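>>> for reference, the sequence and a predicted model appear below.
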Amino acid sequence: MAAAEPRRRSSSSSRSTDRGTTGGPRRRSGKGNAAWAIRSAVEQLQELLGRAPESVSALKSTEAGWEADVEVLELERVPETTSVMATYRVTLDDEGDLVEYRRTRRYSRGQIDRLG
């Protein structure tokens, strides 16, 4: 049995995409990578809602661009654990432009998801 030759790594300067573990495109650096998509989703959602998103809880590359779940403080209360949060699903095209957003969930900040 012959030993397998080591795989060569492709240079990121020669290509802007690579294949991820799921077989779909995986973006690397600069415009089109995950960090860029998160910044784009957060900035555009903030502009539309007039509230600064607190975090991004999910990000997925799609055929057409990106989908992100963004957590936003909707109603500040005292104590903080009773503040009302919302999750927004943001869809970006491959240029990073927001094409759709919708609120998918509202919850108290102190709420923990229960499985089962």
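Now that the structure is in, tell me what you want to look at. Numbering: from 1, shown residues only.
>>> use CA for all of it now, contacts and neighbours both
Fine.
>>> tell me the buried residues in stretch 37-50?
Buried residues in stretch 37-50, counting neighbours by 16 or more other CA atoms under 10 Å, are found at 37, 38, 40, 41, 42, 44, 45.
>>> how about those residues in TSV, adding secondary structure and pLDDT?
Listed next are those as TSV, based on DSSP: H, G, I helix; E, B strand; the rest coil; pLDDT from 0 to 100:
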residue	secondary structure	pLDDT
37	helix	97
38	helix	97
40	helix	97
41	helix	97
42	helix	98
44	helix	98
45	helix	98
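>>> any idea which of those is closest to residue 59?
Closest to residue 59 out of the buried residues of stretch 37-50 is residue 38 (7.6 Å), distances taken as CA to CA.
>>> so where's the protein uncertain?
The chain contains residues with pLDDT under 70 at 1-30, 116.
>>> just the helices in it please.
Counting by DSSP state H, the chain has helices at residues 34-49.
>>> what ranges does it have for its strands?
For the chain, the strands defined by DSSP state E cover 17-19, 25-27, 53-61, 65-75, 84-93, 98-108.
>>> give me the sheet partners of the third one and which way each runs.
Each strand pairing with strand 53-61, determined using DSSP bridges, is listed with its direction: strand 65-75 (antiparallel).
>>> and if you look at the last one?
Applying DSSP bridges to the sheet, strand 98-108 is found paired with strand 84-93 (antiparallel).
>>> what are the contacting residues of the partner strand?
With CA atoms under 8 Å, 6 or more residues apart in numbering as the test, strand 84-93 has contacts from 37, 41, 45, 64-77, 98-109.
>>> show me which of these are buried.
Burial by neighbour count, 16+ other CA under 10 Å: within those this picks out 37, 41, 45, 65-74, 98, 101, 107-109.
>>> give me the distance between the residue positioned nearest the centre of the chain and residue 100.
Centroid-nearest residue in the chain, with CA atoms, centre = their mean: residue 59, separated by 2.7 Å. For residue 59, the distance to residue 100 equals 15 Å [CA to CA, to the nearest Å].
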